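In: quick one, fold the following:
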Amino acid sequence: MTAADVPAARRRQLPVRLLLVAGVVLVAVGVLAVAGLQGSLVYYRTTSELVADPELPGQRVRLGGLVVAGTVETTAEGVRFELTDGVQDVPVVNTGQPRGVFQEGQGAVVEGILGTDGVFRSDVLLVRHDNEYRAPADGTGRPAEDGG
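Out: Numbers count the residues shown, from 1 in each chain. Next up is the predicted model:
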């Protein structure tokens, strides 16, 4: 090997090393991205899933369902109600007053922890609603005017 050949050999090694380092970095970023998304792939659990999974009590989860009619009770700390998926009802105690259109029969997603007593203790309450607009019954597309 002559002195003129040495720089050319090193020049060929540089791209190979650079490609190896870039490959390792890309794999590491991919692993971190997948690990970070694991918890957010499931937006919420149903009440049946929550009760059936023995690993969920004590863990912070999102729970979704319909607010059971006749169960909403406002307290000094917040609101108590039950959520259902049509199969399983779960009692919920939420701290803080609900905002928006929270009502019986409405879809809701709560975030909190299922206690050993079977009560889901929540500190986040989101009201679900459909995105479908329904025109007023008179067909005008305008709210009914107050006659008084």
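In: only C-alpha atoms for contact and neighbour calcs from this point on.
Out: Noted.
In: okay, now residue 25: neighbour count?
Out: Residues lying near residue 25 (other C-alpha atoms under 10 Å) number 12.
In: so it, which state does it fall into?
Out: With DSSP: H, G, I helix; E, B strand; the rest coil as the basis, the three-state label of residue 25 is helix.
In: so what's the one residue sitting closest to the centre of the chain closest to, chain neighbours aside?
Out: For the chain, residue 43 is the residue whose C-alpha lies nearest the centre (C-alpha atoms, centre = their mean; 3.3 Å). Distances taken as C-alpha to C-alpha, 6 or more residues apart in numbering place residue 62 nearest to residue 43, at 7.0 Å, with adjacent residues excluded.
In: for that neighbour, name its beta-bridge partners.
Out: Beta bridges link residue 62 to residue 111, judged by DSSP bridges.
In: now do the contacts for it.
Out: By C-alpha atoms under 8 Å, 6 or more residues apart in numbering, the residues touching residue 62 are 43-45, 109-112.
In: just those residues now: which is nearest residue 26?
Out: Nearest to residue 26 out of the contacts of residue 62 is residue 43 (C-alpha to C-alpha; 27.2 Å).
In: surely the closest one is in a strand?
Out: No - Residue 43 is assigned coil when assessed by three-state DSSP, not a strand.
In: before we move on, what SS does residue 108 have?
Out: Using three-state DSSP, the structure places residue 108 in strand.
In: for whichever helix or strand residue 93 is part of, C-alpha coordinates in CSV please.
Out: If you go by DSSP states H and E, residue 93 is part of strand 89-95. Listed next in CSV are the C-alpha coordinates belonging to strand 89-95 (Å, rounded to 0.1, in the frame of the first residue of the first chain):
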residue,chain,number,x,y,z
ASP,A,89,-71.9,-0.5,35.2
VAL,A,90,-69.0,1.2,37.1
PRO,A,91,-69.6,3.8,39.8
VAL,A,92,-67.5,7.0,39.3
VAL,A,93,-66.6,9.7,41.8
ASN,A,94,-65.2,12.7,40.0
THR,A,95,-63.5,15.6,41.8
